[in-house]
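*Asks:* Could you look at this predicted model? Sequence included:
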There are 2 protein chains.
Amino acid sequence: MATADNAYTLDTVREALVRQEDTIVFALIERAKFPFNSQTYDQKYLEIPGFCGSLIEFVVKDTEIVQAKAGRYENPEENAFFPENLLSSLVPSYPFTKILHPGAASININKSIWKIYFQDLLPLFVSSGDDGNYAQTAASDLSLLQAISKRVHYGKFVAEVKFRESPQDYEPLIHAKDKEGLMKLLTFKSVEEMVKKRVEKKATLFGQEISLNSSDDNNGKQKFDPSVASKLYEKWVIPLTKEVQVEYLLQRLD
Amino acid sequence: MATADNAYTLDTVREALVRQEDTIVFALIERAKFPFNSQTYDQKYLEIPGFCGSLIEFVVKDTEIVQAKAGRYENPEENAFFPENLLSSLVPSYPFTKILHPGAASININKSIWKIYFQDLLPLFVSSGDDGNYAQTAASDLSLLQAISKRVHYGKFVAEVKFRESPQDYEPLIHAKDKEGLMKLLTFKSVEEMVKKRVEKKATLFGQEISLNSSDDNNGKQKFDPSVASKLYEKWVIPLTKEVQVEYLLQRLD
């Protein structure tokens, strides 16, 4: 978030990832406020002249267009779900720190995130039912999708700072296009376990019903099943972030 | 959120207000991630052909247009900041529970919320500085504004269920257009104190830096000053909600 050359270090990148956990947990809890609201995702529900798709696609595409005009995607930390639709930024350009290899711009795995989100993640934690709040549901899907996407694509920065710390470890594997070797070098099981536990703890704390009688809090009802947050990290966020890191490193010496 | 006639009762309304506290606290913490980013609010910063105003106005107006098309404002719980700009909903109509008196639709105090938000609230809790993330800042302003607006305008439902519980207490005051008397009847100092305390407790718990060593949590750094949340409720949310209640009740017998 800083403009100085040392804006991205192992420490600042780690701090950003930890802070992003809170954003993801908040967004999970906020989406869980609404029931599934299947009309939001039904291709046949919407009849908008000149638009073909579901309400979620309509809301995400059109909101991304507004945010692109406002300059969101000028920051290399951001990746759109529908980059093919976007108009250029209409705001004066800002000197975002450019530490990534130029190839980074072509790495966007939001199509996979989108598929996983609707097929696998949503059904895990959203109650069945319909309350008619489809626009609000789509807006909260978008916030959660953006938070997950930002976290996963932050892998580019993770990979860059790791590479700069010890290029000698990465270069031979990159030259050999050794995906498996890179994946191994990037994997720290104990760190991954810690991240999953911390995310679950955050979801437990942030998802509890808070009452003024402090002894009630931990026995109280939960707004959200905290194991969903650690499962999201275990099954998707951590593996996809590593996928981004490997993709990034493979282009790093081009 | 339900469609049945008993969707709004004193209990369900109270429950909704408590749940909205979490949404507001999450949104406060999320806005605090970004520095002030004054360009977002500078009338002279943006040069968009055919648009006159600041980036925040651009993002809020255009995002509200997208959400209006997606049906957001069909739900009587929602009130737009720029209702004069909105297009009609493009989604099939949903049978939202209609318990409010028709006059409710004309009550919208978002202009006051907007002014307070930028003049008084933001400077209270946002750090100075500029990180270039103006579009993201505007998007998180919008989420927080919408959460506050929903809470304040929920006063219409609060007033309606209170009126239905004991019309005999309200009718003489309404006939006499006795604003002060109505305000007195709606005010429960002890409840307001409890709400402020609970909101501050939520902001303390949700705004702490969570580490895996549980003894650290309460001594740890805060992402957010929790007293800001109770001040927001004390100075603005609670009084404005009562203002909405009084306005609503004054029209209730028309």
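*Replies:* Cool, got the structure.
*Asks:* Residue numbers of the stretch 51-200 of chain A in contact with chain B?
*Replies:* Remark: the part of the stretch 51-200 of chain A in contact with chain B comprises A:55, A:58-59, A:62-63, A:66-72, A:74-75, A:78, A:90-92, A:94-96, A:131-136, A:138-139, A:143, A:194, A:197-198, using C-beta under 8 Å from any C-beta of the partner chain. Any C-beta I mention is one placed from the backbone N, CA and C, and that applies to glycine too.
*Asks:* Please, a PyMOL command that selects the buried ones among those residues?
*Replies:* One line in PyMOL is enough to select the buried ones among those; burial here means 16 or more other C-beta atoms under 10 Å in any protein chain shown:
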select buried, chain A and resi 55+58+59+62+63+66+67+68+69+70+71+72+74+75+78+90+91+94+96+131+132+133+134+135+136+138+139+143+198
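*Asks:* What about the residues of the stretch 51-200 of chain A next to chain B, which are in strands?
*Replies:* With strands identified by DSSP state E, none of the entries of those belong to them.
*Asks:* Tell me the buried residues in stretch A:38-49?
*Replies:* Neighbour-count burial for stretch A:38-49 flags A:39-41, A:46 (criterion: 16+ other C-beta under 10 Å).
*Asks:* Could you list every helix and strand in contact with the longest helix anywhere in chain A?
*Replies:* Using DSSP state H to assign secondary structure, the helix with the most residues in chain A is helix A:10-31. Of the remaining helices and strands, those touching helix A:10-31 by 3 or more C-beta pairs under 8 Å, 6 or more residues apart in numbering or on different chains; DSSP states H and E are helix A:122-125, helix A:134-153, helix A:155-165, helix A:189-206, helix A:227-232, helix B:10-31.
*Asks:* CA-only coordinates of the second one in PDB, if you can.
*Replies:* Extracted as PDB, the C-alpha positions of helix A:134-153 are listed here (Å, rounded to 0.1, in the frame of the first residue of the first chain):
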ATOM      1  CA  TYR A 134     -31.100 -10.700  -4.700                       C
ATOM      2  CA  ALA A 135     -29.300  -7.400  -5.400                       C
ATOM      3  CA  GLN A 136     -27.900  -7.300  -1.800                       C
ATOM      4  CA  THR A 137     -26.900 -11.000  -2.100                       C
ATOM      5  CA  ALA A 138     -25.100 -10.300  -5.300                       C
ATOM      6  CA  ALA A 139     -23.300  -7.300  -3.800                       C
ATOM      7  CA  SER A 140     -22.100  -9.400  -0.800                       C
ATOM      8  CA  ASP A 141     -21.000 -12.200  -3.200                       C
ATOM      9  CA  LEU A 142     -19.000  -9.600  -5.000                       C
ATOM     10  CA  SER A 143     -17.300  -8.400  -1.800                       C
ATOM     11  CA  LEU A 144     -16.400 -11.900  -0.800                       C
ATOM     12  CA  LEU A 145     -15.200 -12.900  -4.300                       C
ATOM     13  CA  GLN A 146     -13.000  -9.800  -4.500                       C
ATOM     14  CA  ALA A 147     -11.500 -10.500  -1.100                       C
ATOM     15  CA  ILE A 148     -10.700 -14.100  -2.000                       C
ATOM     16  CA  SER A 149      -9.400 -13.000  -5.400                       C
ATOM     17  CA  LYS A 150      -7.100 -10.400  -3.900                       C
ATOM     18  CA  ARG A 151      -5.800 -13.000  -1.400                       C
ATOM     19  CA  VAL A 152      -5.100 -15.600  -4.100                       C
ATOM     20  CA  HIS A 153      -3.500 -13.200  -6.500                       C
END
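*Asks:* Out of the helices and strands packed on helix A:10-31, flag the one nearest A:Leu250.
*Replies:* helix A:155-165 (9.8 Å; C-beta to C-beta).
*Asks:* So what's the residue count around A:Asp120?
*Replies:* Other residues near A:Asp120 number 13, with proximity taken as other C-beta atoms under 10 Å in any protein chain shown.
*Asks:* residues in contact with A:Met78?
*Replies:* Met isn't right for residue A:78; it's Glu. Residues touching A:Glu78, when contacts are defined by C-beta atoms under 8 Å, 6 or more residues apart in numbering or on different chains, comprise A:72, A:150, B:136.
*Asks:* nope, A:Ala80 is what I meant
*Replies:* A:64, A:68, A:73, A:86, A:108, A:110.
*Asks:* mind checking pLDDT for it?
*Replies:* At A:Ala80, the pLDDT value in this model is 98.
*Asks:* can you check the one 5 residues further on too?
*Replies:* A:Asn85 carries a pLDDT score of 81 in this model.
*Asks:* How about A:Gly220?
*Replies:* For A:Gly220, the pLDDT comes out at 63.
*Asks:* what's the answer for A:Ser89, then?
*Replies:* Taken from the predicted model, the pLDDT recorded for A:Ser89 is 92.
*Asks:* Let me see the contact set for it.
*Replies:* Here A:Ser89 is in contact with A:68-74 (C-beta under 8 Å, 6+ apart).
*Asks:* go with 6 Å
*Replies:* Under the criterion of C-beta atoms under 6 Å, 6 or more residues apart in numbering or on different chains, the neighbours of A:Ser89 are A:71, A:74.
*Asks:* Then A:Lys221?
*Replies:* Under the criterion of C-beta under 6 Å, 6+ apart, the contact list for A:Lys221 reads A:Glu209.
*Asks:* could you measure A:Asp62 against B:Asp62, distance?
*Replies:* According to C-beta to C-beta, to the nearest Å, A:Asp62 and B:Asp62 sit 9 Å apart.
*Asks:* Just give me the neighbour total for A:Leu173.
*Replies:* Residues within reach of A:Leu173, counting by other C-beta under 10 Å, total 19.
*Asks:* Need the three-state assignment for the closest residue to it other than its chain neighbours.
*Replies:* The shortest distance from A:Leu173 to any residue other than its chain neighbours is 4.4 Å, reached at A:Gly181 (C-beta to C-beta, 6 or more residues apart in numbering or on different chains). In the three-state summary, A:Gly181 is assigned as helix, counting by DSSP: H, G, I helix; E, B strand; the rest coil.
*Asks:* Appreciated, that's everything.
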